[in-house]
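**Student:** any chance you can model this:
(2 chains)
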Amino acid sequence: MAYSYVDILATAIVAIGFILMNYLTVWLLAPKNPLQGEKLETYECGELPFDDALVNFNIRYYVFALTFFVFDMEAIFLYPWAVVFNALGLAALLEMFSFLLVLAVGLFYAYKKGVLHWV
Amino acid sequence: MVALWNNLPHLVQIWLLGLGKGSLILVWCLANFAFAMVLERKVSAWMQNRVGPWRSGLHGWLQAIPDLLKLFVKEYIEPRNVDRPLFILAPLVGFLSAVLIWLIVPIGPGGTAMNLDIGIIFIAAITGYDVIAIFMAGWGSNNKYSLLGAMRGAAQMISYEVTLVMSIIGVVMMVGSLRLSDIVEAQVNRGFFGWFLLPQIIGFGVFIIASLAELNRAPFDLSEAESELVSGYHTEYSGFRWAVFALTEYIHLVGWSSIAATLFLGGWSGPNLPQVLQGLGNILNGLGAFTNVAGDAVSNAAVSIGFMNTGMWAWAVGFIWFALKTYLFVFLAMWIRWTLPRVRIDQLMDLGWKFLLPVSLFNIFLTGVLRFVAVNYNGLPVSLGSFTLRLLGLWAN
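**Tutor:** Predicted coordinates:
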């Protein structure tokens, strides 16, 4: 039987439906008393929060995200090769190894430049 | 009933089947959650020389039910300055990514809800959603602890996702398929010593470490480090919405364990009772050297229950082996969690990028060379594991 991707959507609907059903139960059963003192303040271990938490990111995330992107793309190239490389023979093997080598050199360069260091 | 089913339009049939599978998966996930959560508390109690949950059910094994009932009547507090859409959506996204993994796991012979031919890429894609969920929760909470936890979590999970994906490539190269049921079949054909645990021992080690980091479990639970960040990205969540995060954590744990069992420990494959008895009879008979009454009796018993080799019995045995192997990994994760202290974030990132990623690249290189030699020069002793086994005469293939 040919499969389809309906299962993914159907399972997602069931899972979300289960959670929403439980939210409904909670809404029906749980007490609601939000206006008690400082209950709705952001939790900061008893102190009142003194500033907004949503600040700019450190630029370091950018470098990590870029490196992640490079290697995830590499993985996408590697998977089709990994599936069929037995049939492709020596040429494909060497080509992929040269590709791996380029990336390994890139990783080594990033390492030496210190961008992989988390301060 | 059958006639009624056949009269339905094809689209309706597909959707009803899908919803049925989804419901079964949800029930299975919840059962696993209830068991794994109590197991975690039992294991931690055992390791810390405490009693642990003991009141509800036999020796406290039904603890999940009173916990759930309690959470139903807890007030749900939503702080004043949260980013409301993100705050509300985050638990749902996380839960979805935990449940959807179960769609492609083969839980018995032919027992996959959805036999996707891109199974492993599906896993990688679904894992990506989990990062989004953690980040949505942390950013939406508008809390400094949550934001720090979410930033750490995102950095950690994208770093280890690369490693994780790279460590599985070795297995894919051995099998030549991304379909999880094909991977299990290949391991069935290779036999016990051919399970990818030994031939892919480097990939296995990397996979276990990376999946612990991916699950945000100790010693890599930096995004919810309770001694530094209260409870990280779900500090602001309370009541049932917090419970959804707990559900997600344990369903994810069991899901990843099942994938580890499928990839490296042969999934549902394992000996059934007739095969065990047959082997026992052979041993009692001295492998045919001194046939005796006891050995013959055991061998005959194996023949008489030969019906267990087929049909529903085979499925049940496969399922039991699958569950055992899955919970072996679940227990391993708990053991590590309650034994090792938490690492620092810079140590964690160093481990991922500077050690595990080069090692997994080397694993791809090694597997490629060895597979190439094995396929093109058949008969040469190729990998270290198979070489040893050939030396001992245990494997000729």
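
**Student:** can you pull the contacts of the residue in chain A that chain B sits nearest to?
**Tutor:** Residue of chain A nearest chain B, by Cβ to the nearest Cβ: residue A:10 (3.0 Å). All C-beta spots, glycine's among them, are computed from the backbone N, C-alpha and C. The contact partners of residue A:10, taken as Cβ atoms under 8 Å, 6 or more residues apart in numbering or on different chains, are B:15, B:18, B:19, B:21, B:22.

**Student:** is it true that residue B:236 touches residue B:81?
**Tutor:** No. Judged on Cβ atoms under 8 Å, residue B:236 makes no contact with residue B:81 at a distance of 10.1 Å.

**Student:** out of the contacts of residue A:10, which touch chain A?
**Tutor:** B:15, B:18, B:19, B:21, B:22 (Cβ under 8 Å from any Cβ of the partner chain).

**Student:** how near is residue B:295 to residue B:281?
**Tutor:** 5 Å (Cβ to Cβ, to the nearest Å).

**Student:** figure out how far the lengthiest helix in chain A is from the centre of its chain.
**Tutor:** Criterion DSSP state H: the longest helix present in chain A is helix A:60-88. Its chain's C-alpha centre and that of helix A:60-88 lie 15 Å apart, by Cα atoms, centre = their mean, to the nearest Å.

**Student:** repeat that for stretch B:222-229.
**Tutor:** 24 Å.

**Student:** before we move on, the earlier item: any buried residues in the helix or strand hosting the residue of chain A closest to chain B, and which?
**Tutor:** Using DSSP states H and E, residue A:10 maps to helix A:6-29. Buried residues in helix A:6-29, counted by 16 or more other Cβ atoms under 10 Å in any protein chain shown: A:6-8, A:10-12, A:14-15, A:18-19, A:22-23, A:26.

**Student:** sketch out the low-pLDDT regions of the stretch 151-300 of chain B for me.
**Tutor:** B:286-291 (pLDDT under 70).

**Student:** which parts of it sit against chain A?
**Tutor:** So far as Cβ under 8 Å from any Cβ goes, the stretch 151-300 of chain B lies against chain A at B:151, B:154-155, B:158-159, B:161-162, B:165-166, B:169, B:172-173, B:176-178, B:230, B:235-236, B:239-241, B:244.

**Student:** check which element follows the lowest-mean-pLDDT helix or strand in chain A along the chain.
**Tutor:** In chain A, the helix or strand scored least confidently by mean pLDDT, DSSP states H and E is helix A:60-88, which has a mean of 82. For helix A:60-88, the succeeding helix or strand toward the C-terminus, using DSSP H and E, is helix A:90-113.

**Student:** that following helix packs against which elements?
**Tutor:** helix A:60-88, helix B:357-376 (3 or more Cβ pairs under 8 Å, 6 or more residues apart in numbering or on different chains; DSSP states H and E).

**Student:** and of those, who's closest to residue B:91?
**Tutor:** Closest to residue B:91 of these, according to Cβ to Cβ: helix A:60-88, at 23.7 Å.

**Student:** near chain B at all, that closest one?
**Tutor:** Yes. Helix A:60-88 is in contact with chain B by Cβ under 8 Å from any Cβ, via A:61, A:64-65, A:67-68, A:71-72, A:75, A:78-79, A:82-86.

**Student:** most surrounded residue in these?
**Tutor:** residue A:82 (27 neighbours; other Cβ atoms under 10 Å in any protein chain shown).

**Student:** my guess is it contacts residue B:172, does it?
**Tutor:** Yes. The pair residue A:82 and residue B:172 passes the contact test of Cβ under 8 Å, sitting 4.3 Å apart.

**Student:** circling back: neighbour-wise, give me the winner out of the contacts of residue A:10.
**Tutor:** residue B:22 (27 neighbours).

**Student:** torsion angles phi and psi at that one?
**Tutor:** phi -60, psi -40 (degrees, to the nearest 10).

**Student:** ok, now which ones touch it?
**Tutor:** Here residue B:22 is in contact with A:7, A:10, A:11, A:12, A:13, A:14, A:15 (Cβ under 8 Å, 6+ apart).

**Student:** and for the second one, nearest residue in space, chain neighbours not counted?
**Tutor:** This points to residue A:10. residue B:18 (3.0 Å; Cβ to Cβ, 6 or more residues apart in numbering or on different chains).

**Student:** pLDDT wise, what is that neighbour at?
**Tutor:** Looking at residue B:18, its pLDDT stands at 83.

**Student:** repeat for residue B:342
**Tutor:** Looking at residue B:342, the pLDDT reads 85.

**Student:** using PDB, list the CA coordinates for the helix or strand harbouring residue B:281.
**Tutor:** Using DSSP H and E, residue B:281 sits in helix B:273-284. This file holds the C-alpha atoms of helix B:273-284, laid out as PDB (Å, rounded to 0.1, in the frame of the first residue of the first chain):
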ATOM      1  CA  LEU B 273      11.600 -19.000  23.200                       C
ATOM      2  CA  PRO B 274      11.900 -21.900  20.800                       C
ATOM      3  CA  GLN B 275      15.300 -20.600  19.600                       C
ATOM      4  CA  VAL B 276      16.500 -20.200  23.200                       C
ATOM      5  CA  LEU B 277      15.400 -23.700  24.100                       C
ATOM      6  CA  GLN B 278      17.000 -25.100  20.900                       C
ATOM      7  CA  GLY B 279      20.300 -23.500  21.900                       C
ATOM      8  CA  LEU B 280      20.000 -24.700  25.400                       C
ATOM      9  CA  GLY B 281      19.300 -28.300  24.200                       C
ATOM     10  CA  ASN B 282      22.300 -28.100  21.900                       C
ATOM     11  CA  ILE B 283      24.500 -27.000  24.800                       C
ATOM     12  CA  LEU B 284      23.100 -29.700  27.100                       C
END
